[in-house]
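# Provide a 3D model corresponding to the input given below.
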Amino acid sequence: MRNMQFAIFFGTVILVYFLVNYYIYVHGLMAFQSTGNFKTAYKILFWVIASTFIVGEILEHTHSSLAGEWIYRIGAFWLSFMLYLFIATLFIDIIRLLDKFFHIVPAVLKSNPGNLRLWTGITVFALVALVVFFGHLNALHTRVKQISITIPKKVSGAPDMKVLMASDIHLGALIGERREQKLVDIINQQQPDLVLLCGDMVDGDIAPVLRKKLGRHLQEIKPRMGMYAIPGNHEYIGGIKETLPYLESININVLRDQIITLPNGVQIVGRDDLSARNRDGGRKELPDLLENVDMNNPVFVLNHQPFNLEEVAKAGVDLHLSGHTHDGQMWPLNYITQAVFEDSWGFLKKDKTNIYVSSGFGSWGPPVRIGNTPEVVVFNLHFQPETAEL
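Residues are numbered from 1 along each chain as shown. Next up is the predicted model:
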């Protein structure tokens, strides 16, 4: 049954991918139809590039190599081109349709339809290339966001605590050692007491991570109260049984429906990803996990996918941290994540619960971000028990 569902899902994705590409291809063919030999070159080049993402994905899952990585890289960039070429082409079709009824396009532009199509195609591609280029630069620029929160509970020792959170690192074919080192540098600069990694440490298949020995620099991080991680959906996509041993080998403490108590009394509840629901006995429900937690002491919950926030607030959790959404990663996909999640990105206070959903450190697919930036979040926490009213 599960294999059938996967086959239907995969087939649907491939069909949509082909239809979108075909829509762009046909309009490109119309634009370049008067340019002679370039028309033939366009046909070949378009479908070669359009196939690179799927071919690269297959190669990375079957035989990870540098050549396969570059094919996948080209395909990943093509995804961003595909999105914005599709939007631009759809917009032009809408203008063309409106022109039939309202004649909104100046007659001088329509006097030579061949030239109009050609220059429209060239202009659209140039603008999309600029958007993707600056989106890629933006994806490489990680900001450090500082948030101060007072939690009305007492801890042992110092009442202040600095917690650094990173999510969606996506180590793999596209995000490699250089970006990993950047994360390590940020952590060392911030000198947090505690580091929390909220899922999707790897991009999917573990093969490119093993091939490039990624993650080993994270072993250099020695925060005073430790470093803990939880699985995300991409750890399951690549195979949790293969990914988990590697993360543990580089000294990443992965919590799967587990609770640890820090020396100052803060309790960290690390939830397994939603992907575990139908595997290995499933994941525990939050109320079941909190049965073994002292709610009089601070409680942090790490949960990769930010669903059921009402349940979190009702439980009285002090700090709830998630990632997963990437805040849509590329506009206008953020409208989809905003429709799906109560909190697509940023800080939300529900009752007494402090909730934060990170836009993530890395990226999935295209190393491109439009309308948001990658981030690492530093929480400057102050613990102050409520005083009784006189």
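
# so where do the strands sit in the stretch 1-150 of the chain?
Here the stretch 1-150 of the chain has its strands, by DSSP state E, counting those that start in this stretch, at 143-151.

# pull the helix or strand with minimum mean pLDDT from this protein.
Sorting the helices and strands of the chain by mean pLDDT, DSSP states H and E puts helix 107-110 at the bottom, at a mean of 80.

# give the other helices and strands that that helix contacts.
Contact analysis of helix 107-110 by 3 or more CB pairs under 8 Å, 6 or more residues apart in numbering; DSSP states H and E lists no helix or strand as a packing neighbour. For glycine as for every other residue, the C-beta is placed from the backbone atoms N, C-alpha and C.

# residues of it that come out buried?
For helix 107-110, a neighbour-count test (16 or more other CB atoms under 10 Å) marks nothing as buried.

# do the same with stretch 44-51
Phe46, Ile49, Ala50, Ser51.

# and stretch 200-209, end to end?
13 Å (CA to CA, to the nearest Å).

# what are the contacting residues of it?
60-61, 64, 69, 167-175, 214-215, 229, 232-235, 237-239, 242-243, 246-247, 252, 304, 323-324, 360, 362, 364 (CB atoms under 8 Å, 6 or more residues apart in numbering).

# how is this protein partitioned into domains?
Here the domain parsing of the chain from automatic domain parsing is 2-138, 142-383.

# if you compare these, which one is most tucked away?
Sort the domains of the chain by mean neighbour count, taking mean count of other CB atoms under 10 Å, and domain 142-383 sits at the top with a mean of 19.

# end-to-end on that domain?
29 Å.

# gap between that domain and the chain center?
12 Å (CA atoms, centre = their mean, to the nearest Å).

# what about it, average pLDDT?
The pLDDT scores in domain 142-383 average 94.

# repeat for stretch 79-99
Mean predicted confidence for stretch 79-99 is 96.

# what separates it from the chain centre, distance-wise?
The answer for stretch 79-99 is 25 Å, by CA atoms, centre = their mean.

# got phi/psi on the residue nearest in space to the middle of the chain?
Residue closest to the mean C-alpha point of the chain, counted by CA atoms, centre = their mean, is His326 at 4.0 Å. With angles defined as degrees, to the nearest 10, His326 sits at phi 60, psi 10.

# OK, contacts around it?
Contacts of His326 by CB under 8 Å, 6+ apart are Asp168, Thr337, Ser359, Gly360, Ser363, Trp364, Arg369, Asn372.

# residues touching the fourth one, list them.
Taking CB under 8 Å, 6+ apart as the contact definition, Gly360 lies against Ser167, Asp168, Ile169, His170, Asp200, Gly323, His324, Thr325, His326, Asp327, Pro374, Glu375.

# circling back: ok, so what distance separates the residue nearest to the centre of the chain from Leu214?
20 Å (CB to CB, to the nearest Å).

# with Glu342 instead?
For Glu342, the distance to Leu214 - CB to CB - is 33 Å.

# could you point out the longest helix in this structure?
helix 66-102 (DSSP state H).

# reformat the contacts of Gly360 as TSV; add secondary structure and distance to Leu381.
Below are those laid out as TSV (DSSP: H, G, I helix; E, B strand; the rest coil; distance: CB to CB, whole Å):
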residue	secondary structure	distance to Leu381
Ser167	coil	18
Asp168	coil	22
Ile169	coil	23
His170	coil	27
Asp200	coil	24
Gly323	coil	19
His324	coil	23
Thr325	coil	23
His326	helix	25
Asp327	helix	24
Pro374	coil	23
Glu375	strand	18
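
# and of the residues you listed, the nearest to Gln191?
Glu375 (18.0 Å; CB to CB).

# just the buried residues of stretch 44-51 now: which is nearest Leu348?
So of those, ranked by how close each gets to Leu348 (CB to CB), first place is Ala50, at 39.2 Å.

# the closest one is in contact with Asn21, isn't it?
Yes: here Ala50 reaches Asn21: they are 4.6 Å apart, a contact under CB atoms under 8 Å.

# so what sits against both of those two?
Met82.

# helices of the stretch 101-250 of the chain, residue ranges please.
Shown for the stretch 101-250 of the chain, the helices assigned by DSSP state H, counting those that start in this stretch span residues 107-110, 113-140, 177-190, 207-211, 233-238, 240-249.

# dump those into a markdown table; add distance to Phe347 as well.
Formatted as a markdown table, the helices of the stretch 101-250 of the chain follow (distance: least, CB to CB, whole Å):
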| stretch | distance to Phe347 |
| --- | --- |
| helix 107-110 | 48 |
| helix 113-140 | 21 |
| helix 177-190 | 18 |
| helix 207-211 | 31 |
| helix 233-238 | 23 |
| helix 240-249 | 28 |
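
# for Asn354, which of these is the nearest?
Asn354 sits nearest to helix 177-190 of all the helices of the stretch 101-250 of the chain, at 19.1 Å, using CB to CB.
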